[in-house]
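S.K.: Need the 3D shape of this:
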Amino acid sequence: MKNDELNKFKDDLWEMEARLKKKSRVEQVLRLYTVLGALMGIFSLAYFFLSFLEIELTEIQMTTLAMAGLGVALSLASWAMLIFRKQKQIEESSRLSSLQQATKLMYLWSEFEFTAKEKLKTRNIDFAKHSIRSVISTLYEHKLISKKDMVLLEDVMQLRNSIAHSRMGDDISLDLVEEMSKILKESIHKLSEN
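M.R.: Numbering: from 1, shown residues only. Model (predicted):
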């Protein structure tokens, strides 16, 4: 089951990457439209000013002027759309990054719980299976973790609970999540070695 969860996590990350690549293609098309619109506008305006040597506007001049206006409008609209999409992409990227880090922490927490309980079971140490605080205390009582580790794990548990019982990743520092993930990795490593 653990491998299935890890594979699902990896698939979700792959799907996010595919979506970002698709957005990049749309952005390239909009940039192309911006350049084409700007070129169309420049050439049309140049032709218009060259043909302006006559006093009256001919049909060609009016068509040229209309094309120039259309080109500039297309260019400005594409440019504005690029700015809007870039802002949305930055916001979404930040949100996805928060969700990835929160998901990573939750996954590491479940791995820590599993490893800690397995360590106690293999040593035939009694513990309350449904209380992670009891598991952590029991690990400390049997000198499988230090006092410092116990305090750090309590901090990690507080962050884990904050993520689990709120909207994932909202108002949570990515640096804090990364730091707590590192603590969990170290704790899992220590328990695996003992």
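
S.K.: Grab the nearest non-local neighbour of Thr64.
M.R.: The shortest distance from Thr64 to any non-neighbouring residue, by C-beta to C-beta, 6 or more residues apart in numbering, is to Phe48 (4.6 Å). C-beta: built from backbone N, CA, C; applies to glycine.

S.K.: and after the helix or strand harbouring that neighbour, which helix or strand comes next?
M.R.: Applying DSSP states H and E as the criterion places Phe48 in helix 2-51. Using DSSP H and E, the helix or strand that follows helix 2-51 in sequence is helix 59-122.

S.K.: what packs against that following helix?
M.R.: Packing partners of helix 59-122 (3 or more C-beta pairs under 8 Å, 6 or more residues apart in numbering; DSSP states H and E): helix 2-51, helix 132-141, helix 147-164, helix 174-193.

S.K.: could these go into JSON lines alongside distance to Tyr107, mean neighbour count and mean pLDDT?
M.R.: Formatted as JSON lines, these follow (distance: least, C-beta to C-beta, whole Å; neighbours: other C-beta atoms under 10 Å; pLDDT from 0 to 100):
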{"stretch": "helix 2-51", "distance to Tyr107": "6", "mean neighbour count": "13", "mean pLDDT": "69"}
{"stretch": "helix 132-141", "distance to Tyr107": "15", "mean neighbour count": "18", "mean pLDDT": "93"}
{"stretch": "helix 147-164", "distance to Tyr107": "11", "mean neighbour count": "16", "mean pLDDT": "90"}
{"stretch": "helix 174-193", "distance to Tyr107": "9", "mean neighbour count": "16", "mean pLDDT": "89"}
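
S.K.: Out of those, flag the one nearest Glu118.
M.R.: helix 174-193 (8.4 Å; C-beta to C-beta).

S.K.: how about the CA coordinates for the closest one, as PDB?
M.R.: The C-alpha coordinates for helix 174-193 follow below in PDB (Å, rounded to 0.1, in the frame of the first residue of the first chain):
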ATOM      1  CA  LEU A 174       7.400  26.600   2.800                       C
ATOM      2  CA  ASP A 175      10.700  27.000   4.700                       C
ATOM      3  CA  LEU A 176       9.000  25.700   7.900                       C
ATOM      4  CA  VAL A 177       7.500  22.700   6.000                       C
ATOM      5  CA  GLU A 178      10.900  22.000   4.500                       C
ATOM      6  CA  GLU A 179      12.600  22.200   7.900                       C
ATOM      7  CA  MET A 180      10.000  19.900   9.500                       C
ATOM      8  CA  SER A 181      10.300  17.400   6.500                       C
ATOM      9  CA  LYS A 182      14.000  17.300   7.200                       C
ATOM     10  CA  ILE A 183      13.400  16.500  10.800                       C
ATOM     11  CA  LEU A 184      11.000  13.700   9.900                       C
ATOM     12  CA  LYS A 185      13.600  12.200   7.400                       C
ATOM     13  CA  GLU A 186      16.300  12.300  10.100                       C
ATOM     14  CA  SER A 187      13.900  10.600  12.600                       C
ATOM     15  CA  ILE A 188      13.000   7.900  10.200                       C
ATOM     16  CA  HIS A 189      16.600   7.300   9.400                       C
ATOM     17  CA  LYS A 190      17.600   7.100  13.100                       C
ATOM     18  CA  LEU A 191      14.800   4.700  13.800                       C
ATOM     19  CA  SER A 192      15.700   2.500  10.800                       C
ATOM     20  CA  GLU A 193      19.300   2.300  11.900                       C
END
